Each structure stands twice: as C-alpha cells, then as structure tokens.
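[1] what shape does this take:
(3 chains)
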Amino acid sequence: MTEPTFTTLVSRWYEQNARDLPWRVPGIGAWPILVSEVMLQQTPVVRVLPAWHAWLARWPDPAALAADTPAEAIRMWGRLGYPRRAVRLRECAVAIVERHGGRVPDQLDQLLALPGIGTYTARAVAAFAYGQRHPVVDTNVRRVVSRAVAGDPDAGPATTPADLVACAELLPIEPAAAALASAAFMELGAIVCTARSPRCPACPVESVCAWRASGQAAPTGPTRRPQRYAGTDRQVRGLLLGVLRDTTGPVPHQRLDQVWHDDVQRARALAGLVKDGLVEPVGEESFRLIGDGPVAQPLPG
DNA sequence: CATGCGTGGAA
DNA sequence: TTTCCAAGCAT
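    From the prediction side, this is the model:
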C-alpha cells in the first residue's frame, strides 16, 4: 500500500504549522496527555491551558489525584464546564492506581475500561502518548475526511465504525508517522477546515479536496435544534455548583435556595447533582461537594 | 441511539 | 442581542 498524498500533505503542513501546545512536548508523559484529552472534551484549547497547568502542578501523577478528594478535583476543574469530567478523571486515577500500579495503561481495551475514557480519548492516549497506530477520530477528523475524501460538507453527528475504517486507511504504516498524521488531521480541522468558515486558501490539500472539486456545497446547519441554555436544568446546576465550589464544607440549603426562584426545578437540579456524584447531602439542612468533609485527623500522641 | 451534561467567547 | 458552538462520554 502506498502512503496517500493527502496524508503526507497534511502531515507536512502540520510539521510547519502546528501550535506548540504543552501536551505536545515530546516525552511529556501519558498522564499529562490523558488529562489534556479529558479537559479538551467539549472545551476550547484557550480555556484548557491554564487549568491543565494548575491541575498537573498539583497532581503530577494519577496516585496524587487519587489520594485527594473529589471536591478538590471539582474545584480545580474551575469553570471548564461539564464538571462530571473532573469526578470521572479522579475515578480514572483511582482505577489506574488499583488496576495498573499507578501507570497509565497502554492497551486500548484497558484505556477504554477507565471511567470517562471513551472511543476517542482511548485512541488519542494510545497514539499520542504511546505512539501506537490507531485511527484517532474526533469531530475535526470526521469533518476533514468527510470533506476532503468523501466530498460531503458535513460529517455525521457521531463517530461510526465506518469512520474508524476510513481513517485507518489514511494512516501511514509506520506507527509514529500514523500518530503524527492523526494529530495533523485534528489540527487541520481546528485551524483551517473549520465547521463554519473554512480557510481553503490556506489549506494544504485544497488541490486534492473532493469537496472543493465538487463545487463546495455549503455546510448544512445542525440537524436538530440545540437545547437552549437559559432556564434549563443545566443552568440551574451550574448556579448551584458555583456556590458549592466557592464554599468549603457544607452549605445550608437556604443559601442554595437563593440561586433560582423555581423550587421544583431547583430541587430537581440539586437531586441531579447528587445522583451524578457531584454533591452530597449533609444532615437534613445542608449540601456540600462530594467528599468535601473534614480530612481525617491523625490521632494525637 | 437520542439526550443530558457547563461555560464563555466569537459571529 | 441572540445564536452557536469546542479535541465526547454515559445512559
């Protein structure tokens, strides 16, 4: 099999144009890469950068995070959004300590079995941290391949097995080159072949792009109307968690009552936070971040 | 497999 | 001002 022109063009472009992101530093280690991948799930790079530095300064390895409380993980998550990821990342650290001696596993099935690690993240860690040859398929890669190879302006809403096969066929045989190609596809989608306003004049594969060749039909908008944020349970959860995050220990429910007027919705949101393992009741009157209790004191003497 | 799950900045 | 997200995951 010959290495496709498309892949070499994108890889060369990447070598010249890649952003120098800290988790791309050679030899950075699997744990920093894993943390970056989880933080980057639905959160923009510019907001991840400071949180990533702070997180790794405090918890340089899985064992350090596993030994701390979920509440502190939620606090250090700051306002990255989707704070369940913070709790899952800590659970992931616990599992890494228990199952793998504190070292991030390098096998795809072992990675996939960790909390908060799905198809994309497992493959990203295996490829970027361990140099293995796996297709790494995120929304950027699916869009790039959909356009340049298939000629479609948009990719499907979710990654399918067919997407993995299509991407695998684009990868060089040599594992390190394959990992670089995957990073290059992602970068091209993030920087040039963006969803709404692709910068085709700056694209390294404009000359071989099927979408371009077929007249570049306009991307169609989202298939379904996205849920509005204002007034949703999501917003109320965010407000409640904001108070709990900025307070150490239990918060009386009267204080939580002030964040939202609708009793029914507020109670539902709070119950959701408890159900999701982010918050726990303390007695009859208060709530706190999960595990945000007094640390066990060593006995005197 | 369609939904729920935060956030803050760009268009 | 309102809209639309941005390197997904779990259920």
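[2] please make it C-alpha for all contacts and neighbour counts, starting now.
    Fine.
[3] count of neighbours near the closest residue in space to A:D233 that isn't next to it in sequence?
    Leaving aside its sequence neighbours, A:D233 sits nearest to A:A269 (CA to CA, 6 or more residues apart in numbering; 5.6 Å). The burial count assigned to A:A269 is 22, neighbours taken as other CA atoms under 10 Å.
[4] next helix or strand past the helix or strand hosting A:A269?
    Element membership for A:A269 (DSSP states H and E) is helix A:263-275. Sequence-wise, the next helix or strand downstream of helix A:263-275 (DSSP H and E) is strand A:279-282.
[5] distance between the ends of stretch A:194-205?
    Stretch A:194-205 has its terminal residues 14 Å apart, counting by CA to CA, to the nearest Å.
[6] with stretch A:133-141 instead?
    One end of stretch A:133-141 sits 16 Å from the other (CA to CA).
[7] give me the contact status of that stretch with DNA strand B.
    No: using CA under 7 Å from any atom of the strand, stretch A:133-141 stays clear of DNA strand B, coming no nearer than 13.3 Å.
[8] before we move on, the earlier item: my read: the residue nearest to A:D233 touches A:L239, true?
    No: using CA atoms under 8 Å, A:A269 is not in contact with A:L239, being 9.7 Å away.
[9] what does the helix holding A:A269 rub up against?
    Contacts of helix A:263-275 with the rest of the structure, by CA atoms under 8 Å, 6 or more residues apart in numbering, involve A:D233, A:R234, A:V236, A:R237, A:L240, A:D257, A:W260, A:V279, A:E280, A:P281.
[10] which of the residues in that helix are buried?
    A:Q265, A:R266, A:A267, A:A269, A:L270, A:A271, A:G272, A:L273, A:V274 (16 or more other CA atoms under 10 Å).
[11] can you tell me how far the first one is from A:W13?
    In other words, A:Q265. Counting by CA to CA - A:Q265 and A:W13 are separated by 50 Å.
[12] do I have it right that A:G189 meets A:V141?
    Yes: judged on CA under 8 Å, A:G189 makes contact with A:V141 at a distance of 6.4 Å.
[13] these two: who's more crowded?
    Per other CA under 10 Å, whichever of A:G189 and A:V141 has more neighbours is A:V141, with 26 against 21.
[14] and the more buried one, helix, strand or coil?
    helix (DSSP: H, G, I helix; E, B strand; the rest coil).
[15] again with A:P198
    coil.
[16] roughly how far does the nearest residue to it once chain neighbours are set aside sit from A:R24?
    Leaving aside its sequence neighbours, A:P198 sits nearest to A:V192 (CA to CA, 6+ apart; 5.7 Å). For A:V192, the distance to A:R24 (CA to CA) stands at 19 Å.
[17] just the pLDDT at the nearest residue to A:D246 once chain neighbours are set aside, thanks.
    Spatial nearest neighbour of A:D246, chain neighbours left out: A:R75 (7.9 Å); criterion: CA to CA, 6+ apart. A:R75 carries a pLDDT value of 98.
[18] just the one 3 residues further on next, same as before
    A:G78 is assigned a predicted lDDT (pLDDT) of 97.
[19] wait, what's in contact with it?
    A:A51.
[20] what do you get if the cut-off is 6 Å, keeping everything else the same?
    For A:G78, the contact set (CA atoms under 6 Å, 6 or more residues apart in numbering) is empty.
[21] pull up the residues of the stretch 201-301 of chain A that are close to DNA strand B.
    So the stretch 201-301 of chain A meets DNA strand B at A:224, A:227, A:229, A:232-235, A:237-239, A:241-242, A:269, A:272-273 (CA under 7 Å from any atom of the strand).
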